[in-house]
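K.L.:
I'll drop the sequence and a predicted model, then ask my questions.
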Amino acid sequence: MKPIQVGLLGIGTVGSGTFNVLERNQDEIRRRAGRGIEIAMVADLDTARAKSVVGDKAKVVGDAREIIANPDIDVVVELIGGYGIAKALVLEAIAAGKHVVTANKALLAVHGTEIFKAAAEKGVIVAFEAAVAGGIPIIKALREGLTANEIQWVAGIINGTTNFILSEMRDKGLDFDVVLKEAQRLGYAEADPTFDIEGVDAAHKATLISAIAFGIPVQFDKAYVEGITKLSAADIRYAEQLGYRIKLLGITKRADKGIELRVHPSLVPAKRLIANVEGAMNAVVVYGDAVGATLYYGKGAGSEPTASAVIADLVDIARLHDADPAHRVPPLAFQSHTLGAAGKDLPVLPMGEVVTSYYVRIRVSDEAGVLAKITGLLAEAGISIDAVLQREADEVGGEGSTQTDLIILTHDTREGNMDAVLAQIQGLPTVLAPITRIRKEELN
Ligand code: NDP
Ligand code: HSE
């Protein structure tokens, strides 16, 4: 059978990995796919650099639209990134009847509904394994391997940059700003790391996971997003003393009245496997009603790990290219006509409706009755305390200090309830600084 013809848009980090791995493993890949997969054309703004990667093995062009206009190209692989030109090119490729593979989580999380609708109308595939957790085949696991299950929740470390920063903060007892500079020096964090450290990148990925796990539309605008910039070395240390590690988790969960979709720092029991995922690695736990908890671990970024996922999508397309679209695996796991209906039944819940437990650090004056007053307010709000830690004032504020940190772990409560009682506690004259509140996930 004639090799499937691929056009690559953008040959930077992931694009060059895709080209190199396909070249290196082409025999094995052909035996798996049942036909060859040939990168026939490559578009990049820097054509000289592109030529240095592909040599004379593919035609290099400066204008991506030349690829889209070529009737011989079956699949367009978008590896440019962002919402701008990438969106236009993906929609044009679909309109031209080409299948699309993309690693662009930002594009799909924000414009996925429009893109998947256009692809369904045209009968082409939009595949995106590389968009979530890089080399980990989590999309395939959720969409196919766990298809028997009613998924209860998914929680993942799905941003390597922030996991590297948190690991370093814990290991070395350093503050966020210091470690961020080090991460930039080592090339882990980008010059503009905003999307990573503010949780936006993880929220893009969590949004895609939520759609596939629960059969709801892609709704990035409904995700709650909180990054790691306000975390202090003290909170990481206190969490450790209480038997927890702090991780930036992307969480999506089935609740009574809808779906939780949130990214924020979370305390996780140190004994959980996911709490021990260190450095730039990613890991995702999926809890299905039949299978229980399953864990997926690996590299969430990098040239060849991400290429591994891009090529897996290309193999799927090579196998399914000629199949009736109705017989293909739906891109969002559920048949598209069911998405709207499920979405209506399962709204993404506002944060005030989320039920979870909390770590609270309160800087107080070290005097009689302070702890009793605070625990009294929590009790009045029906919030049960799981553990309390109070450090010696000298240890917290230096010798002779009259201030100390009170750390309280709570059991589950509704976030709206917690917000209200924290506002009351903040107003007490013996509370001396803004309260730190970090959510806690037992993941059991
Ligand atoms: P790079 O910046 O390394 O590569 C993007 C390439 O696209 C560059 O060579 C760029 O050229 C080129 N480009 C920009 N505009 C155009 C255009 N109009 N036409 C053709 N080429 C263009 O990005 P990555 O490879 O890191 O990322 C690609 C995608 O993969 C992104 O969506 C990213 O989020 C995603 N991703 C990346 C991962 C990673 O580890 N890097 C992991 C998972 C997903 P120039 O440099 O000259 O601007
Ligand atoms: N910036 C992302 C990360 C790259 O740090 O995980 C992979 O999506």
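P.N.:
Yep, that arrived. Only a predicted model underlies this, so the values are computations on that prediction, with no experimental measurement involved. Ligands and ions are numbered 1, 2, ... in the order given.

K.L.:
all contacts plus neighbour counts: C-alpha atoms, from now on.
P.N.:
OK.

K.L.:
Could you list the domains of this protein?
P.N.:
Residue ranges for the domains of the chain, per automatic domain parsing: 4-137+304-339, 141-299+344-351, 355-440.

K.L.:
Is the first one positioned near ligand 1?
P.N.:
Translated: domain 4-137+304-339. Yes: using CA under 6 Å from any ligand atom, domain 4-137+304-339 reaches ligand 1 at 9-15, 43-46, 64, 79-82, 85, 103-104, 130-131, 134, 306.

K.L.:
Out of those, which sit inside helices?
P.N.:
Those of these mapping onto helices are T13, V14, G15, A64, I85, T306, per DSSP state H.

K.L.:
can you list the residues you listed in a markdown table and add neighbour count?
P.N.:
Compiled in a markdown table, these are given as follows (neighbours: other CA atoms under 10 Å):
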| residue | neighbour count |
| --- | --- |
| T13 | 16 |
| V14 | 24 |
| G15 | 26 |
| A64 | 23 |
| I85 | 11 |
| T306 | 26 |
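
K.L.:
List just the nearest of these to ligand 2.
P.N.:
Distance to ligand 2, by CA to the nearest ligand atom, is smallest for T306 among these, at 8.3 Å.

K.L.:
What is the neighbour count of E182?
P.N.:
E182 has 14 neighbouring residues, counting by other CA atoms under 10 Å.

K.L.:
The helix or strand harbouring it near ligand 2 anywhere?
P.N.:
Counting by DSSP states H and E, the element that carries E182 is helix 176-185. No: remark: helix 176-185 sits outside contact range of ligand 2, by CA under 6 Å from any ligand atom, the gap being at least 10.5 Å.

K.L.:
Now find how far off-centre the helix or strand just after that helix is within its chain.
P.N.:
Using DSSP H and E, the helix or strand that follows helix 176-185 towards the C-terminus is helix 194-197. Taking the mean of its C-alpha atoms, helix 194-197 sits 12 Å from the chain's own mean (CA atoms, centre = their mean, to the nearest Å).

K.L.:
Past the least confident helix or strand in the chain by mean pLDDT, which element shows up next along the chain?
P.N.:
Lowest on mean pLDDT, DSSP states H and E among the helices and strands of the chain sits helix 339-345, with a mean of 55. Using DSSP H and E, the helix or strand that follows helix 339-345 in sequence is strand 355-365.

K.L.:
burial measure for L208, as a count.
P.N.:
By other CA under 10 Å, the residues close to L208 number 26.

K.L.:
State the pLDDT value of it.
P.N.:
Note for L208: predicted pLDDT of 98.

K.L.:
hang on, it packs against F214?
P.N.:
No: judged on CA atoms under 8 Å, L208 makes no contact with F214 at a distance of 10.3 Å.

K.L.:
Tell me the secondary structure at the residue of the stretch 301-444 of the chain found nearest ligand 2.
P.N.:
Proximity of the stretch 301-444 of the chain to ligand 2 (CA to the nearest ligand atom) peaks at A301, 4.4 Å away. Following DSSP: H, G, I helix; E, B strand; the rest coil, the label given to A301 is coil.

K.L.:
show me the contacts for R32.
P.N.:
Residues near R32 by CA atoms under 8 Å, 6 or more residues apart in numbering: V315.

K.L.:
repeat that for 10 Å
P.N.:
R32 sits next to Q26, V315, D316, A318, R319 when contact means CA atoms under 10 Å, 6 or more residues apart in numbering.

K.L.:
and these, which are buried?
P.N.:
Among the contacts of R32, those buried by neighbour count (16 or more other CA atoms under 10 Å) are V315, D316, A318.
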